[in-house]
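Novice: predicted model, plus sequence, below.
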Amino acid sequence: MAELSALLAPRTVRTPATVAAPVGDRKFCRRIARLAVRSLYAELALYPKPGLISLVDNGSHEDMTAETFLRSMFALRRYFLDIAEAGMAGAPFAELKRLGLAAEERMLRATLGTNTHRGAIFCLGLLSAAIGRCRAAGACLSPGAIRNALIEHWGTELGAHSVDAGTQSHGAKALRRYAATGAREEGARGFPSVFEVGLPALRRTLGQGRGMRRARIDALFSLMAHISDTNVYHRGGINGALTVRSQARAFVARGGSAAPDWEARALARHRDFVAARLSPGGAADLLGAVCFVHAACGGEG
Ligand SMILES: CC(C)(COP(=O)(O)OP(=O)(O)OC[C@H]1O[C@@H](n2cnc3c(N)ncnc32)[C@H](O[C@H]2O[C@H](COP(=O)(O)OP(=O)(O)OP(=O)(O)O)[C@@H](O)[C@H]2O)[C@@H]1O)[C@@H](O)C(=O)NCCC(=O)NCCS
Ligand SMILES: Nc1ncnc2[nH]cnc12
């Protein structure tokens with residue numbers, strides 16, 4: 001666990017100015033990789049998250065625990081460094097894909113075959129590459145600059161990153177059966193849920209002085225209310241997806257974490273989702289991405 005405390009130790013450097021250090025700086029990419037893993041940890045540690053695993057309980061899952069997620073995070077540290085460097089060097093999409101697939105294999109070895117972070121490997125990986133690209137261009141890190149870099153450099157290939165006919169992933173099945181768009185569509189559109197939904201919700205709550213825990217809760221519920229989460233379709237079909245969306249919308253409509261009883265209501269949703277075996281894993285991955293972009297742009301990690 002010494003490694004865990006090193007991983008989570010407070011960052012000594014936080015300002016955007018430091019993020020804009022000279023091109024080719026490996027230290028910069030190491031810092032980005034550390035932020036990516038810390039953001040995945042922030043998502044894991046948040047509680048209560050409806051149906052999702054946290055340090056408190058396993059939510060709707062029998063085959064994975066917080067420990068499985070921690071093992072996966074350790075296995076991914078090198079990946080985020082490599083893909084940030086690849087992005088900085090202007091690598092083609094095929095190279096990012098090769099790194100992503102190798103990371104998926106590493107994750108599956110570390111978790112004995114459980115899919116903990118496939119969505120996060122895709123989403124935070126591409127964002128790491130885009131951050132590397134911004135740095136190479138000498139651009140100041142901002143959400144807009146990161147998104148532009150992603151679309152400008154890999155948008156065409158991301159738009160064409162369709163499901164192969166034989167793919168049997170849960171996401172591919174949800175697409176065929178329910179036209180649920182999932183992670184691929186998010187990537188193809190430059191992660192609109194991160195930049196237009198989750199991050200604004202996080203920042204709004206922070207701006208209103210309610211602190212980071214509530215900001216993450218509001219970001220998560222906003223994402224659940226908005227996205228097409230193939231993990232929810234896989235486990236709950238159309239009715240499950242409608243339940244997740246309507247419950248999350250009701251939570252947001254009552255003021256989210258500004259409501260005096262927000263915590264009791266979030267806990268009640270957690271119990272409901274566990275009873276229905278629902279798990280909004282895609283929203284969890286996107287929350288990790290929101291925390292990552294916020295921290296990379298100089299916000300509190
Ligand atoms: C493009 C890929 C991400 C492939 O996607 P596809 O949809 O075909 O594959 P899945 O195997 O279903 O993985 C997609 C994961 O993405 C997450 N997700 C779902 N909806 C969204 C969304 N709207 N936006 C973003 N992310 C989303 C989701 O991750 C969570 O679910 C995990 C558990 O899922 P699963 O194993 O299906 O289900 P269980 O609950 O375990 O079911 P049971 O077994 O118990 O029944 C959870 O941990 C979260 O992580 C999906 O899992 C990508 O794989 C790809 O193309 N990879 C190649 C590499 C590449 O090209 N990289 C590009 C550069 S990085
Ligand atoms: N905390 C979590 N619980 C279940 N699935 C997830 N996928 C990503 N984060 C998750």
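Specialist: Yep, that arrived. Ligands and ions are numbered 1, 2, ... in the order given.
Novice: alpha carbons only for contacts and neighbour counts from here, please
Specialist: Will do.
Novice: which positions in the stretch 51-200 of the chain make contact with ligand 1?
Specialist: Residues of the stretch 51-200 of the chain lying close to ligand 1 by C-alpha under 6 Å from any ligand atom are 96-97, 100-101, 115-122, 125-126, 169-172, 182-184, 186.
Novice: now which of those would you call buried?
Specialist: 96, 100, 115-122, 125-126, 171-172, 182-184, 186 (16 or more other C-alpha atoms under 10 Å).
Novice: so which of the residues you listed are in helices?
Specialist: Per DSSP state H, helices hold the following members of those: 96, 100, 118-122, 125-126, 171-172, 182-184, 186.
Novice: so how far is the helix or strand hosting L76 off the chain centroid?
Specialist: Element membership of L76, judged by DSSP states H and E, is helix 66-88. In terms of C-alpha atoms, centre = their mean, to the nearest Å, the centre of helix 66-88 is set 13 Å apart from its chain centre.
Novice: and if you look at stretch 293-301?
Specialist: 14 Å.
Novice: try stretch 152-164
Specialist: When C-alpha coordinates are averaged (C-alpha atoms, centre = their mean), stretch 152-164 and its chain have centres 19 Å apart.
Novice: pull it out as PDB, backbone CA atoms only.
Specialist: This file holds the C-alpha atoms of stretch 152-164, laid out as PDB (Å, rounded to 0.1, in the frame of the first residue of the first chain):
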ATOM      1  CA  GLU A 152      -8.700  18.100 -35.000                       C
ATOM      2  CA  HIS A 153      -6.100  15.200 -34.800                       C
ATOM      3  CA  TRP A 154      -8.100  12.000 -34.500                       C
ATOM      4  CA  GLY A 155     -11.700  13.100 -35.100                       C
ATOM      5  CA  THR A 156     -12.000  11.500 -38.600                       C
ATOM      6  CA  GLU A 157     -10.800   8.100 -37.400                       C
ATOM      7  CA  LEU A 158     -12.900   8.300 -34.200                       C
ATOM      8  CA  GLY A 159     -15.900   9.000 -36.400                       C
ATOM      9  CA  ALA A 160     -15.200   5.900 -38.300                       C
ATOM     10  CA  HIS A 161     -14.400   3.700 -35.200                       C
ATOM     11  CA  SER A 162     -17.500   1.600 -35.800                       C
ATOM     12  CA  VAL A 163     -18.400  -1.800 -34.300                       C
ATOM     13  CA  ASP A 164     -17.100  -4.700 -36.400                       C
END
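Novice: can you list contacts of it?
Specialist: 90, 92-93, 172, 184-185, 187-190 (C-alpha atoms under 8 Å, 6 or more residues apart in numbering).
Novice: can you rerun that using 7 Å?
Specialist: Identification of contacts with stretch 152-164 by C-alpha atoms under 7 Å, 6 or more residues apart in numbering yields 93, 172, 184, 187-188.
Novice: now, the most widely separated pair of those?
Specialist: Using C-alpha to C-alpha, the two most remote members of the contacts of stretch 152-164 are F93 and A172, lying 20.6 Å apart.
Novice: now the helices for the stretch 1-150 of the chain?
Specialist: Using DSSP state H, counting those that start in this stretch, the helices of the stretch 1-150 of the chain run over residues 2-8, 16-19, 26-45, 66-88, 93-110, 118-136, 143-159.
Novice: among those, which is the most enclosed?
Specialist: Most buried of the helices of the stretch 1-150 of the chain, by mean neighbour count (mean count of other C-alpha atoms under 10 Å): helix 118-136, with a mean of 26.
Novice: could I get the average pLDDT for that one?
Specialist: Average pLDDT, helix 118-136: 97.
Novice: next one: stretch 270-289
Specialist: When pLDDT is averaged over stretch 270-289, the result is 98.
Novice: and it, anywhere near ligand 2?
Specialist: Yes: Stretch 270-289 is in contact with ligand 2 by C-alpha under 6 Å from any ligand atom, via 281, 284-285.
Novice: quick one: A66 and G59 touch, right?
Specialist: No: the pair A66 / G59 is not scored as a contact, 10.2 Å apart, by C-alpha atoms under 7 Å.
Novice: ok, how many other residues are close to Y178?
Specialist: Y178: 14 surrounding residues under other C-alpha atoms under 10 Å.
Novice: same question for A275.
Specialist: When neighbours are counted by other C-alpha under 10 Å, A275 comes out with 12.
Novice: can you check T205 too?
Specialist: Neighbours of T205 under the rule other C-alpha under 10 Å: 22.
Novice: element containing the nearest residue to it once chain neighbours are set aside?
Specialist: Once flanking residues are discounted, T205 sits nearest to A215: 5.0 Å by C-alpha to C-alpha, 6 or more residues apart in numbering. Of the helices and strands defined by DSSP H and E, A215 is found in helix 211-226.
Novice: list the neighbours of that helix that are in contact with it.
Specialist: Helix 211-226 has contacts (C-alpha under 7 Å, 6+ apart) with 193, 197-199, 201-202, 205-206, 244-246, 248-249, 252, 256-257, 280, 283-284, 287.
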